[in-house]
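*Asks:* Quick one, fold the following:
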Amino acid sequence: MLSCAECGVYSCRMGELSKLPKNCPIQKHSELYDQASLIYQKSEGMLACNSARVESGGYNVWPRVREIMEFARMSGFSKLGLAFCVGLRQEARAVSQIFKENGFEVASVMCKTGARPKEELGLKEEEKVRPGQFEPMCNPVVQALLLNKEKTDLNVLLGLCVGHDSIFIKYSDAPITVLAVKDRVTGHNPLAAVYAGHYFQSRIKTNR
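*Replies:* The predicted structure follows:
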């Protein structure tokens, strides 16, 4: 079982391969690292290299929205897709404007597109956020298909729900990056519940 999160040594970060723990995947699965090297050489190397350039070029200086634009420009991406949640529609308008002001084409599509009722998914009335009212389903499949049709170069996710983002990622033809994720409880700052776990203890414990 992979357990890098519990390592505590992280000698790979310093290139000290002689100090790797015995259960380190570098030692146990060296063939996968060779396989990855071939993939970088054949297809993904340009994106990985540009990502590293953005990391060094804007380290502790550029906010993520600029990092996305710098990465897109370095990669030759001129048409950006913006898949956003209706709850962040104001932010989506602002982000779209920022992208356009910096010379990008933007194709944007909202989660509720299609206005299809949640009942189509098999959801029961009592399972809705507001039982007794019409609630359109989030439609990440169509969001992805519409942006595929637009032939976007890079798709940017803004506030899609947990699970809906997974579906979008599955059906998107273009590479994907995330500007922000949804967390209604923390003002869309999910790590707040991690950093201040003692305050969120009752909210992050699941029923097993």
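*Asks:* can we go C-alpha only for contacts and neighbour counts from here?
*Replies:* Will do.
*Asks:* Just give the closest residue to the residue nearest the centre of the chain, not the sequence neighbours.
*Replies:* Nearest to the geometric centre of the chain sits residue 178, at 3.5 Å (C-alpha atoms, centre = their mean). Spatial nearest neighbour of residue 178, chain neighbours left out: residue 157 (4.7 Å); criterion: C-alpha to C-alpha, 6 or more residues apart in numbering.
*Asks:* before we move on, what SS does that neighbour have?
*Replies:* Recorded secondary structure, residue 157: strand (DSSP: H, G, I helix; E, B strand; the rest coil).
*Asks:* So it is in contact with residue 83, correct?
*Replies:* Yes: counting by C-alpha atoms under 8 Å, residue 83 is a contact partner of residue 157 at 5.1 Å.
*Asks:* of the two, who's got more company?
*Replies:* residue 83 (26 against 21; other C-alpha atoms under 10 Å).
*Asks:* For the more buried one, list each beta-bridge partner.
*Replies:* residue 109, residue 157 (DSSP bridges).
*Asks:* Run through the residues that contact it.
*Replies:* 108-111, 143-144, 155-158, 160 (C-alpha atoms under 8 Å, 6 or more residues apart in numbering).
*Asks:* What segments of this protein are helices?
*Replies:* For the chain, applying DSSP state H gives helices covering 11-14, 25-28, 30-39, 45-57, 64-74, 89-101, 140-150, 164-171, 192-195, 197-204.
*Asks:* Relative to residue 4, which of those is closest?
*Replies:* helix 25-28 (8.6 Å; C-alpha to C-alpha).
*Asks:* List the contacts of the closest one.
*Replies:* 2, 20, 33.
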